[in-house]
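Undergrad: using only what follows, build the 3D model:
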Amino acid sequence: MSLLIIFRHGQSVWNLENKFTGWVDVDLTEKGVEEAKNAGKKLNGYKFDIGYSSALIRAQKTLTLALKECGQSDLPVVYDKALNERMYGDLQGLDKAETAAKFGDEQIKIWRRSFDIAPPNGESLKDTAARVIPYFEQEIVPKLKAGKNVVIAAHGNSLRALIMYLEKMSPAQILEFEIGTGVPRLYELDSNMNVLKAENL
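TA: Now for the predicted structure:
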């Protein structure tokens, strides 16, 4: 049996400012730093063999702070853009309220909450899953199958893609699934990657 714990980065500056962030590399707020440390407190008692994060500072910093908090600062960590947030294209950097006024609430909801409709020059959740899942299968699954314990700090949509895969959710189910900032989700997995247990810590 192996252990996988995943969590979303703490609040970022653009989360606070209500902007579409995507691949723009913005830092954590003070609250985000606290959320990362609190996530780390919840990881106390779990021993990891390797960590993963995206190529974006808000996720990397969250993992670094969490690992420090649970006394595992020396953990080897792999950073890869395959775990990046969904790319929001032309919406990146725009205020969400202003964007809704410009394009209409219904269009924004379609872009944000449909599985396979992408914003202009951006990615849908389906597109995001198409890079997250192969990376997970090639890079992380072999380690889990070998009995290693893995921790991942990433983003709302890259984690949605992963949760959909692990918990065998439909597109409709995953789109309604809320992922709070800095809330670790624990999976116990057998050697065939079947989920024996899934819970928020």
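
Undergrad: what about residue 201, distance to residue 7?
TA: The gap separating residue 201 from residue 7 is 9 Å, by Cβ to Cβ, to the nearest Å. Just so you know, the C-beta spots here come from the backbone N, C-alpha and C atoms, and that holds for glycine as well.

Undergrad: more neighbours: the two, which one.
TA: Neighbour count, other Cβ atoms under 10 Å: between residue 201 and residue 7, residue 7 has more, with 30 against 15.

Undergrad: where exactly do the strands run in the protein?
TA: 2-8, 50-53, 77-79, 150-154, 185-189, 195-200 (DSSP state E).

Undergrad: which one of these is the most hemmed in?
TA: strand 150-154 (a mean of 27; mean count of other Cβ atoms under 10 Å).

Undergrad: give me the mean pLDDT for that one.
TA: Mean per-residue pLDDT for strand 150-154: 98.

Undergrad: repeat that for stretch 178-189.
TA: Mean predicted lDDT for stretch 178-189 stands at 95.

Undergrad: how long is it end to end?
TA: 22 Å (Cα to Cα, to the nearest Å).

Undergrad: grab the nearest non-local neighbour of residue 187.
TA: residue 4 (4.4 Å; Cβ to Cβ, 6 or more residues apart in numbering).

Undergrad: the one you found bridge partners, please.
TA: As for beta bridges, residue 4 partners with residue 150, residue 187 under DSSP bridges.

Undergrad: distance of it relative to residue 28?
TA: Taking Cβ to Cβ, one finds residue 4 at 23 Å from residue 28.

Undergrad: then residue 108?
TA: For residue 108, the distance to residue 28 - Cβ to Cβ - is 25 Å.

Undergrad: wait, isn't residue 160 in contact with residue 178?
TA: No - contact between residue 160 and residue 178 fails when scored by Cβ atoms under 8 Å: they sit 9.7 Å apart.

Undergrad: compare the two (neighbour count), which wins?
TA: residue 160 (24 against 7).

Undergrad: need the contact list for the closest residue to that one other than its chain neighbours.
TA: Nearest non-adjacent residue to residue 160, counting by Cβ to Cβ, 6+ apart: residue 174, 5.3 Å away. Contact analysis of residue 174 by Cβ atoms under 8 Å, 6 or more residues apart in numbering lists 115, 125, 160-161, 163-164.
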